[in-house]
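K.L.:
Dropping a prediction and its sequence here:
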Amino acid sequence: AQSVTQLDSQVPVFEEAPVELRCNYSSSVSVYLFWYVQYPNQGLQLLLKYLSGSTLVKGINGFEAEFNKSQTSFHLRKPSVHISDTAEYFCAVRPEGQGGKLIFGQGTELSVKP
Amino acid sequence: EAGVAQSPRYKIIEKRQSVAFWCNPISGHATLYWYQQILGQGPKLLIQFQNNGVVDDSQLPKDRFSAERLKGVDSTLKIQPAKLEDSAVYLCASSPGTGRQPQHFGDGTRLSIL
């Protein structure tokens, strides 16, 4: 079985400050890793993904994430946030060989204050 | 390209009534997913189709939920009869296949049960 834990339910931060949203996972098989963003009353938009290769992946809107296999983590970072980054962020894993379904964490609400 | 379309966007019904949601995936996407997102939680897979066949419905409450994907394109998800705990956002997603391609999400249907 697989599970995803997002370690912070809410992260308040001031505009232009750096931010890190933490994600840990547990899986008995190899997984692909994803971060999605959800703005109010909208669906999920893909920020970035790790499939293989370099463990540092860059996504849209200046976000990046680093895959750490030994710590089974996939933390999301941005060096300088904007008000428009205020949203819910979801970490998800896709177990290999299990049909493509995503298993999501509980979400982290990022609130950027002026 | 056009995204995943869902309708209606909002639905309010009383418990024990029935309701149906519709999803039109991105053209050419063979795989279609329905997720349930309860307030404050990450999405949870209800059912996955590959073309018009069911791949995974292990978490679908089959005593009240049903889904179909006729002709391998559009899909409908039905709840009959609805319970209070069914209040949630129902998200549809599609992908070209079940490999490394990311899933693309619609804006969802927000269901409120009175």
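P.N.:
It's in.
K.L.:
Which pLDDT value goes with A:S28?
P.N.:
pLDDT, A:S28: 89.
K.L.:
tell me which element it is part of?
P.N.:
Assessed by DSSP states H and E, A:S28 sits outside every helix and strand.
K.L.:
List the residues that contact it.
P.N.:
Contacts for A:S28 (C-beta atoms under 8 Å, 6 or more residues apart in numbering or on different chains) come out as A:A1, A:Q2. Backbone N, C-alpha and C define where each C-beta goes, glycine included.
K.L.:
do that again at 7 Å, thanks
P.N.:
The contact partners of A:S28, by C-beta atoms under 7 Å, 6 or more residues apart in numbering or on different chains, come to none.
K.L.:
Spatially, what comes nearest to A:Q6 if we skip its sequence neighbours?
P.N.:
Excluding its sequence neighbours, the residue lying closest to A:Q6 (C-beta to C-beta, 6 or more residues apart in numbering or on different chains) is A:G105, at 3.8 Å.
K.L.:
and that neighbour, what does it touch?
P.N.:
Here A:G105 is in contact with A:V4, A:T5, A:Q6, A:C23, A:F90, A:C91, A:A92, B:G42 (C-beta under 7 Å, 6+ apart).
K.L.:
how close does it sit to A:T5?
P.N.:
6 Å (C-beta to C-beta, to the nearest Å).
K.L.:
Ok, A:E88 next?
P.N.:
A:E88 is 16 Å from A:T5, by C-beta to C-beta.
K.L.:
Which residue of those two possesses the greater neighbour count?
P.N.:
A:E88 (19 against 14; other C-beta atoms under 10 Å in any protein chain shown).
K.L.:
doesn't A:F104 make contact with the more buried one?
P.N.:
No. In this structure, A:E88 is not within contact of A:F104 by C-beta atoms under 7 Å, at 10.9 Å.
K.L.:
can you pull out the strands in the chain?
P.N.:
You didn't pick a chain, so chain A it is. A:3-6, A:10-14, A:19-21, A:23-26, A:31-38, A:44-50, A:56-58, A:64-68, A:73-78, A:87-95, A:103-104, A:108-113 (DSSP state E).
K.L.:
Correction: the question concerned chain B.
P.N.:
Counting by DSSP E, the strands of chain B are B:5-7, B:10-13, B:19-24, B:31-37, B:44-50, B:53-56, B:65-68, B:75-79, B:88-95, B:104-105, B:109-113.
K.L.:
OK, contacts around residue 96?
P.N.:
All of this refers to chain A. A:V29, A:S30, A:V31.
K.L.:
actually it's chain B I care about, not the one you picked
P.N.:
B:G28, B:H29, B:A30.
K.L.:
if you set the cut-off to 6 Å instead, what comes out?
P.N.:
B:H29 (C-beta atoms under 6 Å, 6 or more residues apart in numbering or on different chains).
K.L.:
before we move on, back to that, okay, the contacts of A:E96 in TSV with distance to chain B and neighbour count next?
P.N.:
Output for the contacts of A:E96, formatted as TSV (distance: C-beta to the nearest C-beta, whole Å; neighbours: other C-beta atoms under 10 Å in any protein chain shown):
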residue	distance to chain B	neighbour count
A:V29	14	11
A:S30	12	12
A:V31	12	22
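K.L.:
quick one on the thing from earlier: which ChimeraX command selects the buried ones in the contacts of A:G105?
P.N.:
To isolate the buried ones among these in ChimeraX, judged by 16 or more other C-beta atoms under 10 Å in any protein chain shown, type:
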select /A:4,6,23,90,91,92 /B:42
